[in-house]
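1. coordinates only, sequence not included:
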């Protein structure tokens, strides 16, 4: 997956997304519309990911930690390692 990137203006959604993020968001939106659900379950989300071809191929690693740092009307996601 890609390195983290700036979350430009979270309030107005002026964010540049990676192609994989757009593909996932569109697939989730389609799933929710076709199944008349607002909040898909974890299981449903995993099924959408599987339908896009995602599979677990490596051993699990530690989850990333996200911290938001205020930067002149925008937020930046940083991992615990990058923030220290």
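-> Thanks, I have the structure now. This one's a predicted model, so the numbers in the text were calculated from it and none came from an experiment. Numbers count the residues shown, from 1 in each chain.

2. rest of the way, CA atoms for contacts and neighbours
-> Noted.

3. longest helix in this protein, by residue count?
-> Longest helix of the chain, by residue count under DSSP state H: helix 19-35.

4. residues in contact with that helix?
-> Helix 19-35 is contacted from outside by 38-40, 45, 48-49, 52, using C-alpha atoms under 8 Å, 6 or more residues apart in numbering.

5. show me where this protein has strands.
-> In the chain, the strands defined using DSSP state E lie at 6-7, 67-71, 74-78.

6. Flag whichever of these has the least confidence on average.
-> When the strands of the chain are compared by mean pLDDT, strand 6-7 comes last with a mean of 47.

7. Quick check: which ranges of the chain have low pLDDT?
-> Residue ranges of the chain with pLDDT under 70: 1-14, 68-84.

8. go with 90
-> Low-confidence segments of the chain (pLDDT under 90): 1-16, 60, 63-84.

9. and residue 35, how many residues sit next to it?
-> Neighbour count for residue 35, taken as other C-alpha atoms under 10 Å: 10.

10. Kindly report the same for residue 59.
-> Other residues near residue 59 number 5, with proximity taken as other C-alpha under 10 Å.

11. circling back: if any of the contacts of helix 19-35 are buried, give me the ChimeraX selection for them.
-> Buried members of the contacts of helix 19-35, defined by 16 or more other C-alpha atoms under 10 Å, are picked up in ChimeraX with:
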select :45,48,49
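
12. Which ones among the contacts of helix 19-35 map onto helices?
-> Among the contacts of helix 19-35, the members falling in helices (DSSP H) are 45, 48-49.

13. Export the residues you listed as a markdown table, with columns for distance to residue 31.
-> Converted to a markdown table, the ones in helices among the contacts of helix 19-35 look like this (distance: C-alpha to C-alpha, whole Å):
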| residue | distance to residue 31 |
| --- | --- |
| 45 | 9 |
| 48 | 8 |
| 49 | 11 |
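
14. if I look at residue 45, how far off is residue 55?
-> 13 Å (C-alpha to C-alpha, to the nearest Å).

15. Cool, thanks, talk later.
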